[in-house]
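1. got a sequence here, can you model it:
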Amino acid sequence: MPKLSPRQIKVTRLHRISHVLDKAIPIPGTKSRMGLDPILGLIPGGGDTIAGILSAYIIWESARMGLNRKVIGQMVANVLLDSLAGSVPVVGDVFDITWKANVRNVELLEHHLNYIPENKEVNRLFLIGLSVVLILIVLAFMLLSLTIVTWLWKKIVVGN
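-> Numbering: from 1, shown residues only. All right, here's what the predicted structure looks like:
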């Protein structure tokens, strides 16, 4: 078996993460698959945060490999759409099953890696900025999820 380059090892790891989040579990009676992302979304507040952190990790590693800013922007948009739609109870989980933002992002990475030299120097300031943006996105959706859960709790359980 040929030895994998560090880049190939990273892509393989990101592939595994995206598979676990978006395609690991066959849906009985269909040809469709789902991952842990919609299941994690059922955990009030924290589940979407965990999925968001893993999605952000895929984007961050892609940026570290030298993917251009336009493609990184597409990846962030995929996760934002997934997170925004996913924050709607039940409907969002169905959207998570069909959208598969993480698989889309790894496909973008693989498609564009052919155009990036193996040891491309990455702008550290861009990585820092991207890290801040990804952290803010994850925190914002965590707060949104907690707000929705709190509102639902008050409406359904407390009756206000």
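2. quick one: I128 from L134, how far?
-> 11 Å (CB to CB, to the nearest Å). C-beta coordinates here come from the backbone N, C-alpha and C atoms, glycine included.
3. what of I59?
-> Shown here: I59 relative to L134, a distance of 6 Å by CB to CB.
4. now for the two: what residues contact both?
-> V76 (CB atoms under 8 Å, 6 or more residues apart in numbering).
5. give me the more crowded residue out of the two.
-> Comparing I59 with L134 by other CB atoms under 10 Å, the one with more neighbours is I59, at 29 against 20.
6. how about the nearest residue to the more buried one, chain neighbours excluded?
-> M75 (4.7 Å; CB to CB, 6 or more residues apart in numbering).
7. that neighbour touches I58, doesn't it?
-> Yes: here M75 reaches I58: they are 7.4 Å apart, a contact under CB atoms under 8 Å.
8. please name the residues that touch G86.
-> Applying CB under 8 Å, 6+ apart, the residues near G86 are D37, P38, G41, D48, A51, G92, D93, F95, D96.
9. show me where this protein has strands.
-> Chain-ordered strands for the chain, with DSSP state E as the definition, fall at 25-26, 33-34.
10. export those strands to TSV and tack on mean neighbour count and mean pLDDT?
-> Below are those laid out as TSV (neighbours: other CB atoms under 10 Å; pLDDT from 0 to 100):
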stretch	mean neighbour count	mean pLDDT
strand 25-26	13	95
strand 33-34	18	94
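11. for those, give me TSV that also has distance to M65.
-> Converted to TSV, the strands of the chain look like this (distance: least, CB to CB, whole Å):
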stretch	distance to M65
strand 25-26	28
strand 33-34	26
